[in-house]
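**Q** Quick one, fold the following:
(chains A and B)
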Amino acid sequence: MIQKIINRIFKNDTLRGFIRKEFIQALRDVRMRMLLFVMPLIQLTVFGLALSNEVKNIRLGFVHAPNDIVAKHLADRCFASNWFIRPRETNGDAFQWIQSGDADAVLVVPPGGLTKSIEEGKGRLQLLVDATNAMRARSVENYVQRILIAYQKDTVTTTANPDRFSLDVRVLYNPSMETAVFLVPGVMVMILCLLTIILTSMALAREKEIGTFETLISAPVRTWEILVGKTLPYFILGMIDVPLIIAAGMVFFGVPLRGAVWEIALSSAIFIATTVSVGTLISTMAKNQQQAMMGGFIFLFPAIQLSGIMFPLDNMPAVLKIFTYLNPLKYFVTVLRNVMLKGGDPMVVWSNVGAMAVLAAAALWLSFKRFHQTLD
Amino acid sequence: MNPDFAVQVEGLTIQFGSFTAVDDISFSVKKGEIFGFLGANGAGKTTTIRTLCGLLTPTKGHVTVAGHEYKEGDLSIKKRVGYMSQKFTLYNDLSVKENLVFAANLRKISKSTHEKRIKELFAFLGFTHSDTTLVRDLPVGLKQELALAAATLHNPEIIFLDEPTAGVSPAARERFWALIRQLSAAGKTVFVTTHYLDESEQCDRIALMRTGKIIALDSPAELKKKTFPESLYELEPMSGQSQSAILSQLEKIKQSGAALEIQPYGMRYHVIVKDSRQWDLVKEQIKPTFSYKPTLPSMEDVFIRLVEGVDR
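**A** Sure, this is the predicted structure:
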């Protein structure tokens, strides 16, 4: 079946002509080449660097009694790690320390002191983290966790109680925390989506704007030939960008690729088919490139907000949650994170890819319905 | 359906919402004819031509082009006609060759056929630039000639040209019309719209459109004869005549009742004679001010008269 479709597409002179023409037009212009192949890398790098550079010089406050020896040792270890620095002293309590902005995190020992509570076999610590910056917050938690484990290993031989510490983390301001590695796949989705939607919708709108659209439809061509002819080239260009962006994510930010490459390829293909169809749908409503651009952004902004790339979807009001199910970005970012970071759970991959395929078919059908081979 | 006709239109009406762009027009175009569509902007020329090429759906009426009646979704007409719109039909950022190859691909013309055809068309146009030149680097006249080539790649029976010479230099316009005549001589039907009145003289027949209706349709010679059954004289002021002298003499002609109308024509005047006996008398009297000679009406005279006739 697929073989048949591929044959039909590539043996079709009209489509081959379209692909050649769109490629020449897209690749001849230096600005377009930059937009296609350099901008995604720059965007990814800028985003990634902005995320990872901040996680140093964390101001970590300690609330403990002066004679609490274990707490003191722990504090010394923290400041020796180069991740943490001492914040300005405060007179208020731990919460106010963060509220005032003087500390990024505060480690609070149990009442009566850490030394005493360990002797009692309880060793519970509380970590307050300012998570207005989620990335930073996640790192703070990780670092403190690591220092505690290291401290525990070093001291475990001297005591009878192996699990002396347990960290009770209270995340303030942003309960769902994301790390840079977690965010890079999201950035990839955004870049791919932006590129394919804007390019596709602009390409058709441009033909309308300069008037060549009239010549296109004056030829004996079928609607599907124009639609596929104008979208397939941008689908291919989008697919070329996928390995580029993923490679950049892996090289620059150490994002792992734990799952199978074919899972990425398949989900990317379905995702780009969806965005390219949405782009076409937008262009059927636009008379010129400006309108197409506007339409693209009207789709993109809410789509990014409701995708879970930046903000967790769990906290969204129920009304907005309904829209997230219509959002291809949500499904693709879920798949990409799952495949890249966790190795790809078949259930997650297939259910999300399936949902995207339904959306792609719907967008394609709608743009086919809306596309008129007449000029009114 | 008459086999001698390339285009047959019956009771065609095209409406956009409540606006009627074309209002119940009927006409036919003979095979091999150069058929001109004349009219001001907004008269409905482009709307009609787009409908004939299958780009607009008629609101009412029947359209038969190249032996096929218009049906929505049917490609038979599109296969047999060539269309050059008044907007850009070539891509500025593609080379001459890339443009023509794309036009050929669009119509699924095989590689061997279109390569041969492009060579023929270059010879026909006398195109000597490199075919790798980007279209944006060509002068407008040449772009239009290439657009004509792109519209005739598939050897259509009928070629529709919508204001092909708009914005083109006079020399290039003349060249373009020579190409149109060659196409017609080769047996093609050429349907051309223009608002250059001098160009319309080169058509075999002209339809004059005004606010969606055809107000006249005939050969240029017949139109002139029908519109001006009276004789027409051209008055040329003698050198050194003052404006007031000229105006008083013109007034004298009007007073005599000899002229139906006096129209300014550049620096000259056209007198449409109503009463030839009176004219014979009055023309002697104005001799010191004007030289006069009988003349034939131009298409401009015809156009003005017809349009005013409708307005009256």
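
**Q** which SS class is residue 282?
**A** Chain wasn't specified; assuming chain A. For A:Ile282, the assignment made with DSSP: H, G, I helix; E, B strand; the rest coil gives helix.

**Q** Tell me which residues touch it, please.
**A** The neighbours of A:Ile282, taking CB atoms under 8 Å, 6 or more residues apart in numbering or on different chains as the test, are A:Ile197, A:Ser201, A:Ala292, A:Gly295, A:Gly296, A:Phe299. (C-beta placed from N, C-alpha, C; glycine too.)

**Q** Would you check how far apart the first one and A:Gly238 are?
**A** Per CB to CB, to the nearest Å, A:Ile197 is found 10 Å from A:Gly238.

**Q** residues shared between the contacts of the two?
**A** With CB under 8 Å, 6+ apart, A:Ile197 and A:Gly238 have common neighbours A:Thr275, A:Val276.

**Q** if we can go back for a sec, and the two most separated of the contacts of A:Ile282?
**A** Based on CB to CB, the longest span within the contacts of A:Ile282 runs between A:Ala292 and A:Phe299 and measures 10.8 Å.

**Q** ok, then the element right after the helix-or-strand element of chain A with minimal mean pLDDT?
**A** In chain A, no helix or strand scores lower on mean pLDDT, DSSP states H and E than strand A:166-172, which sits at a mean of 59. Tracing the chain past strand A:166-172, the next element assigned as helix or strand by DSSP states H and E is helix A:180-210.

**Q** which other helices and strands contact that next one?
**A** In terms of contact count using 3 or more CB pairs under 8 Å, 6 or more residues apart in numbering or on different chains; DSSP states H and E, helix A:180-210 is assigned the packing partners helix A:39-52, helix A:212-218, helix A:223-253, helix A:261-285, helix A:289-305, helix A:328-337.

**Q** Determine the number of other residues adjacent to the residue in the stretch 51-200 of chain A that chain B sits nearest to.
**A** The nearest approach of the stretch 51-200 of chain A to chain B comes at A:Leu199, 15.1 Å away (CB to the nearest CB). Here the count is done by other CB atoms under 10 Å in any protein chain shown, and A:Leu199 has 23 residues near it.

**Q** name the element the nearest residue to B:Gly39 once chain neighbours are set aside belongs to?
**A** If you skip the residues right next to it in sequence, B:Gly39 has B:Met209 as its closest partner in space, 3.6 Å away by CB to CB, 6 or more residues apart in numbering or on different chains. Remark: B:Met209 resides in strand B:205-210, with elements defined by DSSP H and E.

**Q** Direction included, what does that strand pair against?
**A** Looking at strand B:205-210 with DSSP bridges, its partner strands are strand B:34-38 (parallel), strand B:213-218 (antiparallel).

**Q** Now flag whichever of the contacts of A:Ile282 is closest to B:Tyr83.
**A** If you rank the contacts of A:Ile282 by distance to B:Tyr83 using CB to CB, A:Ala292 comes first, at 25.0 Å.

**Q** pretty sure the closest one is touching A:Thr284, no?
**A** No - using CB atoms under 8 Å, A:Ala292 is not in contact with A:Thr284; the gap is 9.9 Å.

**Q** Comparing the two, which residue is more hemmed in?
**A** Using other CB under 10 Å as the criterion, A:Ala292 and A:Thr284 rank with A:Ala292 on top: 27 against 20.

**Q** which parts of chain B sit against chain A?
**A** Within chain B, the positions near chain A by CB under 8 Å from any CB of the partner chain are B:16, B:50, B:53-57, B:75, B:78-79, B:81, B:83, B:85, B:87-94, B:98, B:101-110, B:150.

**Q** Would you mind listing which of those residues are buried?
**A** B:50, B:53-56, B:78-79, B:81, B:83, B:85, B:88-91, B:93-94, B:98, B:101-109, B:150 (16 or more other CB atoms under 10 Å in any protein chain shown).

**Q** In helices, which of those residues fall?
**A** When DSSP state H defines the helices, the subset of those inside them is B:Arg50, B:Lys78, B:Lys79, B:Glu98, B:Val101, B:Phe102, B:Ala103, B:Ala104, B:Asn105, B:Leu106, B:Ala150.

**Q** Span of stretch B:147-157 from start to end?
**A** Distance between the two ends of stretch B:147-157: 17 Å, counting by CA to CA, to the nearest Å.

**Q** Next, the closest residue to chain A within the stretch 201-312 of chain B: phi, psi?
**A** With CB to the nearest CB as the measure, the residue in the stretch 201-312 of chain B that lies nearest chain A is B:Gly212; the distance is 15.8 Å. Taking degrees, to the nearest 10, you get phi 80, psi 0 for the backbone angles of B:Gly212.

**Q** picking up where we left off before, A:Ile197 and A:Gly238 - which one has more neighbours?
**A** Counting neighbours by other CB under 10 Å for A:Ile197 and for A:Gly238 shows that A:Ile197 has the greater number, 30 against 24.

**Q** and the gap between that one and A:Val335?
**A** When distances are taken as CB to CB, A:Ile197 and A:Val335 turn out to be 18 Å apart.

**Q** check contacts around the residue of the stretch 51-200 of chain A closest to chain B.
**A** A:Ala26, A:Leu36, A:Tyr234, A:Leu237, A:Gly279.

**Q** same thing but 7 Å
**A** A:Tyr234 (CB atoms under 7 Å, 6 or more residues apart in numbering or on different chains).

**Q** Give me the pLDDT value at it.
**A** Listed pLDDT for A:Leu199 reads 90.

**Q** how much space between it and B:Gln263?
**A** Note on A:Leu199: its distance to B:Gln263, by CB to CB, is 57 Å.
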